[in-house]
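Asks: Sequence first, predicted model second:
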Amino acid sequence: MVMLPAGVEVYTLGGAAAPLVARGDESGPLDGFDDFIDDGQLARYFVGDRATSPERPSNATYKLGVVRPHSAFTPHAHGGEHFVLSLGYASCGVYDAARERPVRVPLTPGTMIRIPALLPHSFGNRDGRPLLILAANTGYGIDHADYAITAEEAERRALAVQDSAVDYVMLAKALHTLDGGPGRTSLRERLARVLRDAAHRLERR
């Protein structure tokens, strides 16, 4: 292993192994994870933190997420646009306002999706092992009220907020259409995963 200069970190993400970080001449499991929207889902910030907001800016947040096997986040919408890079077999249910129905977008390793601000969506893991994702969000950390607006929260705001630029009634209705599960991997994807795991093992020898 290369001896890294002080402050330089190398992250290993992908394959069957847990995320690793190398510092100096040592390598070990990546720590510093925190809760991520739902119980059991995890995130580790690289840029910004939970408290990032328009009032406490750090430009954008950039974090590593870990999604439980065969699970999906509670459908929600973000106050800012969102970019998510999938390092495994994911799906993202997004709401198509023009056709008034949800669309499930399958994502394979190395696929990134852009989600506009306030677009209802639900990111899920189609695989039987934890899914790693890299997520960048413009201006909002997990603790901000507008980081993840769920259907329940949209309904509450529809009753409580007057003269809002956001139609919370329609937002809640759209979010309720996204309650389906994450879906499953195909036979071809499972075969590709076996080959990809073998490639990771060869690269790390």
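Replies: Looks like it came in fine.
Asks: Show me how this protein divides into domains.
Replies: Following automatic domain parsing, the chain resolves into domains at 1-30, 32-183.
Asks: and these, which is most packed in?
Replies: For those, the largest average neighbour count (mean count of other C-beta atoms under 10 Å) is found in domain 32-183, namely a mean of 18. C-betas here are computed from N, CA, C, even on glycine.
Asks: Next, the distance between the ends of that one.
Replies: Counting by C-alpha to C-alpha, to the nearest Å, you get 29 Å between the two ends of domain 32-183.
Asks: quick check: mean pLDDT across it?
Replies: For domain 32-183, mean pLDDT is 88.
Asks: Could I get the contacting residues of Met112?
Replies: By C-beta atoms under 8 Å, 6 or more residues apart in numbering, the contact set of Met112 is 83-86.
Asks: Now secondary structure too, for these, in a markdown table please.
Replies: Formatted as a markdown table, the contacts of Met112 follow (DSSP: H, G, I helix; E, B strand; the rest coil):
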| residue | secondary structure |
| --- | --- |
| Phe83 | strand |
| Val84 | strand |
| Leu85 | strand |
| Ser86 | strand |
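Asks: that older thread, among the domains of the chain, which comes closest to Arg204?
Replies: Distance to Arg204, taken as C-beta to C-beta, is lowest for domain 1-30 among the domains of the chain, at 7.7 Å.
Asks: picking that back up, any idea which of the contacts of Met112 is closest to Ala151?
Replies: Distances from Ala151 to the contacts of Met112, taken as C-beta to C-beta, are shortest for Val84 (20.2 Å).
Asks: give me the beta-bridge partners of the closest one?
Replies: Val84 has these beta-bridge partners by DSSP bridges: Ile113, Ala135.
Asks: His121 versus that one, what's the distance?
Replies: Val84 sits at a distance of 9 Å from His121 (criterion: C-beta to C-beta, to the nearest Å).
Asks: Need the residues touching each of those two.
Replies: With contacts taken as C-beta under 8 Å, 6+ apart, Val84 and His121 have 92, 115 as neighbours in common.
Asks: Other residues contacting the lengthiest strand in the chain?
Replies: The longest strand of the chain (DSSP state E) is strand 38-47. Contact partners of strand 38-47, identified using C-beta under 8 Å, 6+ apart, comprise 19, 30-36, 58-68, 71, 73-74, 135-136, 141-142.
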